[in-house]
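Trainee: Here is a sequence together with a model predicted from it:
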Amino acid sequence: MPADPATDTGGDTPAGDPGVIGGLTLIDAATIADEPAPDTFYRHRVQLFPALREMWRRREIIFALAERDIRASYKQAALGMFWLSFPLSCRSYSSLSSSAT
């Protein structure tokens with residue numbers, strides 16, 4: 001016979017424990033530490049020469065991505081200058097054409 005989910009406490013907790021509701025344990029937030037213990041942090045030690053060797057092997061993609069970023073920034077700057085000069089040129093053209101008539 002399957003256990004009733006409303007009365008099931010998760011197996012290892014005593015039934016009737018006020019800190020357990022439907023198999024979930026209630027925890028007081030004041031008992032949780034503000035920072036994790038120092039030994040729980042992942043520390044990856046990078047070895048310098050193998051890392052430099054790997055970067056050298058992948059230099060083409062690094063240069064291609066860098067070039068793409070530089071080209072995009074200059075294209076945006078050029079388009080910005082174009083959009084700034086376009087209304088000014090239209091205004092000066094319209095003023096020249098209206099003064100000629």
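Mentor: Alright, I've got the coordinates.
Trainee: Quick check: phi and psi at Ala37.
Mentor: phi -60, psi 150 (degrees, to the nearest 10).
Trainee: What is the neighbour count of it?
Mentor: Neighbourhood size, Ala37 [other CB atoms under 10 Å]: 7. Backbone N, C-alpha and C define where each C-beta goes, glycine included.
Trainee: how far away is it from Ile27?
Mentor: 17 Å (CB to CB, to the nearest Å).
Trainee: Repeat that for Leu52.
Mentor: 47 Å.
Trainee: With Arg45 instead?
Mentor: Taking CB to CB, one finds Arg45 at 35 Å from Ile27.
Trainee: And for Ala66?
Mentor: 49 Å.
Trainee: picking that back up, between Arg45 and Ile27, which has more neighbouring residues?
Mentor: Between Arg45 and Ile27, Ile27 has the larger neighbour count (other CB under 10 Å), namely 9 against 4.
Trainee: can you confirm that one is in a helix?
Mentor: No. The assignment for Ile27 (DSSP: H, G, I helix; E, B strand; the rest coil) gives coil, which keeps it out of a helix.
Trainee: Now do the same for it: its pLDDT.
Mentor: Here the pLDDT value assigned to Ile27 is 82.
Trainee: now the helices: where do they sit in this protein?
Mentor: Here the chain has its helices, by DSSP state H, at 48-57, 59-100.
Trainee: hmm, who's touching stretch 36-56?
Mentor: Ile62 (CB atoms under 8 Å, 6 or more residues apart in numbering).
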